[in-house]
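Chemist: model the structure of this input:
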Amino acid sequence: MFKLSKKLKFFIIFVSIQYVNSTLKDLYNTLINIENSNQKAVLCTVVSSKGSTPRKMGSKMIVFENETIFGSIGGGALEKKITEQAIEVLKTKKPQLVSHNLVKDLEMCCGGTVELFLEPIMNKKKVHIFGAGHIGKSLAKFAVELDFLVTLIDDRIDAFENFDIECCKINEHHSLAIEKLNFDENTFCVILTHDHAYDREILALCAKKKNAYIGMVGSERKVEIAKKTLLSSNLITQTEIENVDMPIGKKIKAITPEEIAISILAKLIEQRNE
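Modeler: Numbers count the residues shown, from 1 in each chain. Now for the predicted structure:
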């Protein structure tokens, strides 16, 4: 009988480990890319297997909205069925635990059963913060720590001096920035510039974009003036302005910029979790 040398055995083990590590790295990088984008996908993980199954516990596969896949849980009829079930999970946005007998359910030659957990991959929420004043900078700092994708916009020359938080910073007029920014169902907009007229302009522009949430800081009087000005100028519709949260923030008797930022962040967290 042919026997492998110790060196060859070591080489095979080493190559196998490198392959597994590379595959996992590619899978995790793909997950990160999905989270940071608008792609819709489901992570399918084998959580248990009995008998003869093509892949064992821990095997993973990502199913995209267009039914393309990344990774493998065994191929054939099993992957076809799981892909169909993953698309249903995308529609309901609710995780699901599924089980299949490979012979009875899928007419596969393997004689085992396999159980998989299908979970939708959540896209990170983007927060466009208009205004890099004390509140805006505090909000950007806290939002980054809570895993939002933050963009801070301000056209003042010294807006970002001594501000080293790792987020996207746009130092130009808000009208130009809005044309470049990406707006979608995962986009939150927070308006708190140094100029009330700026706030109204930004509100009117953002309301026309696709978004998940828009909020503007201000007193009750400022809010009423903004509503009247925008509606009378036909810059915004009644429906659009009703979808704006103003004054933004949870009522926690906030006073300092940091406290106000936390009250706003609490509102963003509430919206995100809904």
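
Chemist: wait, Leu268 sits on Phe148?
Modeler: Yes - under the criterion of CB atoms under 8 Å, Leu268 makes contact with Phe148 at 7.0 Å. Any C-beta I mention is one placed from the backbone N, CA and C, and that applies to glycine too.

Chemist: shared neighbours of those two, anything?
Modeler: Common contacts of Leu268 and Phe148 (CB atoms under 8 Å, 6 or more residues apart in numbering): 125, 127, 188.

Chemist: closest one of those to Lys222?
Modeler: Nearest to Lys222 out of these is Phe188 (CB to CB; 20.4 Å).

Chemist: ok so, going back, Phe117: which of the shared contacts of Leu268 and Phe148 is nearest?
Modeler: For the shared contacts of Leu268 and Phe148, the nearest to Phe117 is Lys125 (23.8 Å; CB to CB).

Chemist: the closest one contacts Thr151, correct?
Modeler: No - taking contacts as CB under 8 Å, Lys125 lies outside contact range of Thr151: 11.7 Å.

Chemist: low pLDDT regions in this structure?
Modeler: 1-23, 52-55, 102-111 (pLDDT under 70).

Chemist: rerun that using 80 as the cut-off
Modeler: 1-25, 49-56, 74-76, 102-112, 274 (pLDDT under 80).

Chemist: quick one: the strands in it?
Modeler: In the chain, the strands defined using DSSP state E lie at 41-50, 60-64, 69-71, 96-101, 113-120, 126-130, 149-153, 168-170, 187-191, 213-216, 244-245.

Chemist: now for the first one, which elements pack on it?
Modeler: I take that to be strand 41-50. On a contact count with 3 or more CB pairs under 8 Å, 6 or more residues apart in numbering; DSSP states H and E, strand 41-50 meets strand 60-64, helix 76-92, strand 113-120.

Chemist: quickly compare the ones you listed and say which is most buried.
Modeler: strand 60-64 (a mean of 22; mean count of other CB atoms under 10 Å).

Chemist: got a list of what Ala266 touches?
Modeler: Ala266 sits in contact with 249-250, 252, where contact means CB under 8 Å, 6+ apart.

Chemist: can you give me the distance of it to Ile248?
Modeler: According to CB to CB, to the nearest Å, Ala266 stands 10 Å off from Ile248.

Chemist: and Val127, by the same measure?
Modeler: Relative to Ile248, and taking CB to CB, Val127 is found at 12 Å.

Chemist: the closest residue to Lys180 other than its chain neighbours: neighbour count?
Modeler: Excluding its sequence neighbours, the residue lying closest to Lys180 (CB to CB, 6 or more residues apart in numbering) is Ile170, at 7.6 Å. Per other CB atoms under 10 Å, the neighbour tally for Ile170 reads 21.

Chemist: what's near enough to touch Ile170?
Modeler: With CB under 8 Å, 6+ apart, Ile170 has these contacts: 151-154, 177, 180-181.

Chemist: output those residues as JSON lines; include the columns distance to Glu115.
Modeler: Below are the contacts of Ile170 laid out as JSON lines (distance: CB to CB, whole Å):
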{"residue": "Thr151", "distance to Glu115": "41"}
{"residue": "Leu152", "distance to Glu115": "45"}
{"residue": "Ile153", "distance to Glu115": "47"}
{"residue": "Asp154", "distance to Glu115": "51"}
{"residue": "Ala177", "distance to Glu115": "48"}
{"residue": "Lys180", "distance to Glu115": "46"}
{"residue": "Leu181", "distance to Glu115": "43"}
